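> Dropping a prediction and its sequence here:
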Amino acid sequence: MAKGSFLLFLQLVIFSFFTSASSLSMSKSDFAALREIRNSLTEIPSAAATRFFSSWDFSAADPCTSFAGVTCFSSRVTILSLGTGLSESPGLAGTLSPAIAKLTELNQLILFSGIVTGPIPFRLGSLHNLRVISLTRNRLTEDIPAAIFNLPNLHTLDLSHNQLSGRIPPAVPGLNQLKVLILSNNKLLGNLPSSFCDQLLHLDLSNNYLTGTLPEQIPSGLRYLSLSNNHIWGPIDGLESLSELAYLDLSMNRFSGAIPTYLFRPCITSMLLQRNNLSGGVPQSPPWSYGAGSTVDLSHNFLTGEITPALIGVETLFLNNNRLNGQVPEEYVQSVKAGTMKTLYLQHNYITGFPIEEGYVLPETTAVCISYNCMAAPPLGMAACPASAGYQRSRPAYQCAASHNRTSSSLD
């Protein structure tokens, strides 16, 4: 054999050796699973986006070092991120392959926004190392596999913005370490589960079709709770022990009865209870210093009585579309003047006075709306009012008289 031919032959042998070694640097079972996963997904064409699967070359590349979205440890896949997550990328289509369950060392599974359809593979419930499952903003359907809720090491489960249906599977108390549960924007039905994982810190079940009342057992460590836009009814009960709660959204449901006084505390910087059937008055609670960025929305309910000083420190306050009467406390006016309260909506009530000097110009950073109340000429005009407030500056006199009579009768 000529020397040149021998050198070429030697180069081919060396190349073949390293190619084979590279392919074998990953577990054969994981390698096969990735091939099945790739075959179940397609990329949505886009001229502007980088093609996610362009690096998935099964003939030459080492998946552990070359495949986008694949992270390994000791030749096993531990993180699988499907899609680029970039805003200009339309994402992936297809279905989630059951072969994901063959990646037995997987601890993070992420699917970025796209149009992936079909069910969540029920065998994911066998991957006991999983800590994060995030399959958001796609078109996944059918029930959530119950076994997922009992994975012993699961920390975060985010299945939001899909088309999942059925009931929320119950969690076995004490079985897992779930801290974050986000199932918002789906088509989930039935009552809320009677209990949740004791370790839960973040719970978002908003924008579903859930019914029933608040569960008796709510994790005491919750910091974020959103049940907005469901069909949940009954009183707001069982939240007194949530001493760490900072964000509460129970808006657009069918809650009724009085607002518990214990909710008016400085640690809750966002309290959204609008568009329910809540009654009674604003609780007689001491004024708290809620701080910058705080929001309280009690609008579109059936609250009555005079406004109390409880909410003076809130930055954005909505009390509009209730049945509140009397004069606005001086403290609220001073807070608006100082710019600490930036939004105060009181329109569509039966308020009789807003103690501010005629012609006073509020700071440009504030928005105050007091139209359609029982004041002949609201002192601040309607420039800051939303379009939904309507064009009428004051209530008809007969409505104000009727409201006064009702209030007087209730005090007799």
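Cool, got the structure.
> Quick check: buried residues in stretch 268-277?
Under the neighbour-count criterion of 16 or more other Cβ atoms under 10 Å, stretch 268-277 has 268, 269, 270, 271, 272, 273, 274, 275, 276 buried. Placement of C-beta: from N, CA and C, glycine included.
> Now tell me what touches that stretch from outside.
228, 236, 245-256, 259, 263, 290-291, 293-302, 318 (Cβ atoms under 8 Å, 6 or more residues apart in numbering).
> Sitting in helices, which of the residues you listed do you find?
Among those, none falls in helices (DSSP state H).
> Residue 382 and residue 389 touch, don't they?
Yes. If you go by Cβ atoms under 8 Å, residue 382 and residue 389 touch, sitting 7.1 Å apart.
> Now for these two: what residues contact both?
Residues touching both residue 382 and residue 389 (Cβ under 8 Å, 6+ apart): 369, 371.
> and residue 340, helix, strand or coil?
coil (DSSP: H, G, I helix; E, B strand; the rest coil).
> wait, isn't it in contact with residue 315?
Yes. The pair residue 340 / residue 315 is scored as a contact, 6.9 Å apart, by Cβ under 8 Å.
> and for the two, which residues touch both?
By Cβ under 8 Å, 6+ apart, residue 340 and residue 315 have no common neighbours.
> What is the end-to-end distance of stretch 319-332?
With Cα to Cα, to the nearest Å as the measure, stretch 319-332 spans 12 Å from end to end.
> May I see the buried residues of that stretch?
319, 320, 321, 322, 323, 324, 325, 328, 329, 331, 332.
> circling back to that earlier point, nearest to residue 198 among the buried residues of stretch 268-277?
residue 268 (21.2 Å; Cβ to Cβ).
> so the residue lying closest to residue 374 once chain neighbours are set aside, which of the three states?
Leaving out its chain neighbours, the residue that sits closest to residue 374 by Cβ to Cβ, 6 or more residues apart in numbering is residue 400, at 3.8 Å. What three-state DSSP gives for residue 400 is helix.
> what's the distance between the residue nearest the centre of the chain and residue 107?
In the chain, the residue lying closest to the centroid (Cα atoms, centre = their mean) is residue 204, at 5.0 Å. According to Cβ to Cβ, to the nearest Å, residue 204 and residue 107 sit 23 Å apart.
> do the same with residue 273
Separation of residue 273 from residue 107 (Cβ to Cβ): 38 Å.
> what about the helices in the protein?
3-24, 28-39, 63-66, 330-338, 397-411.
> least reliable of those going by mean pLDDT?
The stretch with the lowest average pLDDT out of these is helix 3-24, scoring a mean of 39.
> now, which of the contacts of stretch 268-277 lie within strands?
Among the contacts of stretch 268-277, the members falling in strands (DSSP state E) are 247, 248, 249, 254, 255, 256, 295, 296, 297, 318.
> and which of the residues you listed is nearest to residue 94?
Closest approach to residue 94 among those (Cβ to Cβ): residue 249, at 34.0 Å.
> circling back to that earlier point, mind putting the buried residues of stretch 268-277 into TSV with pLDDT?
Listed next are those as TSV, based on pLDDT from 0 to 100:
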residue	pLDDT
268	91
269	92
270	95
271	96
272	98
273	98
274	98
275	98
276	98
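> Poorly predicted segments of the stretch 101-250 of the chain, please.
The stretch 101-250 of the chain contains residues with pLDDT under 70 at 172-175.
> how many neighbours does the nearest residue to residue 211 once chain neighbours are set aside have?
Sequence neighbours aside, residue 231 is the residue nearest to residue 211 in space, at 4.7 Å (criterion: Cβ to Cβ, 6+ apart). When neighbours are counted by other Cβ atoms under 10 Å, residue 231 registers 13.
> before we move on, what about residue 200?
Summarising burial for residue 200: neighbours were counted as other Cβ under 10 Å, giving 21.
> Distance check, the nearest residue to it once chain neighbours are set aside against residue 196.
Computed as Cβ to Cβ, 6+ apart, the closest residue to residue 200 that is not its neighbour in sequence is residue 219, at 4.2 Å. From residue 219 across to residue 196, the span is 6 Å (Cβ to Cβ).
> got any residues that touch both of the two?
Shared contacts of residue 219 and residue 196, defined by Cβ under 8 Å, 6+ apart, comprise residue 203.
> circling back to that earlier point, what is the nearest of the ones in strands among the contacts of stretch 268-277 to residue 370?
residue 318 (12.6 Å).
> Give the bridge partners for that closest one, please.
Judged by DSSP bridges, the bridge partners of residue 318 are residue 297, residue 345.
> didn't it look like it was pressed against residue 296?
Yes. If you go by Cβ under 8 Å, residue 318 and residue 296 touch, sitting 7.2 Å apart.
> Settle it for me: which of these two has more neighbours?
The residue with more neighbours, out of residue 318 and residue 296, is residue 296; 26 against 22, by other Cβ under 10 Å.
> Might one say that that one is in contact with residue 310?
No. Counting by Cβ under 8 Å, residue 296 stays clear of residue 310, with 9.3 Å between them.
> Quickly list what residue 249 is bridged to.
Under DSSP bridges, the beta-bridge partners of residue 249 are residue 226, residue 272.
> any idea how far residue 142 is from it?
On the measure of Cβ to Cβ, residue 249 and residue 142 end up 27 Å apart.
> Neighbour count: these two, which is higher?
Taking other Cβ under 10 Å, residue 249 and residue 142 do not tie; residue 249 has more neighbours (20 against 13).
> Relative to residue 225, how far out is that one?
Residue 249 sits 7 Å away from residue 225, going by Cβ to Cβ.
> same deal with residue 88?
In terms of Cβ to Cβ, residue 88 sits 34 Å off from residue 225.
> Comparing the two, which residue is more hemmed in?
Legend: neighbour count by other Cβ under 10 Å for residue 88 and residue 225, higher for residue 225 (24 against 10).
> my guess is that one meets residue 201, correct?
No. Between residue 225 and residue 201 there is no contact under Cβ under 8 Å: 10.0 Å.
> Next up, the contacts around residue 364.
Counting by Cβ under 8 Å, 6+ apart, residue 364 makes contact with nothing.
> mind running it again at 10 Å?
residue 339 (Cβ atoms under 10 Å, 6 or more residues apart in numbering).
> And the pLDDT at it?
As predicted, residue 364 sits at a pLDDT of 86.
> Over to residue 357?
84.
> Could you give the number of residues near it?
For residue 357, the count of nearby residues is 8 (other Cβ under 10 Å).
> how far away is it from residue 246?
Distance check for residue 357 against residue 246: by Cβ to Cβ, it reads 37 Å.
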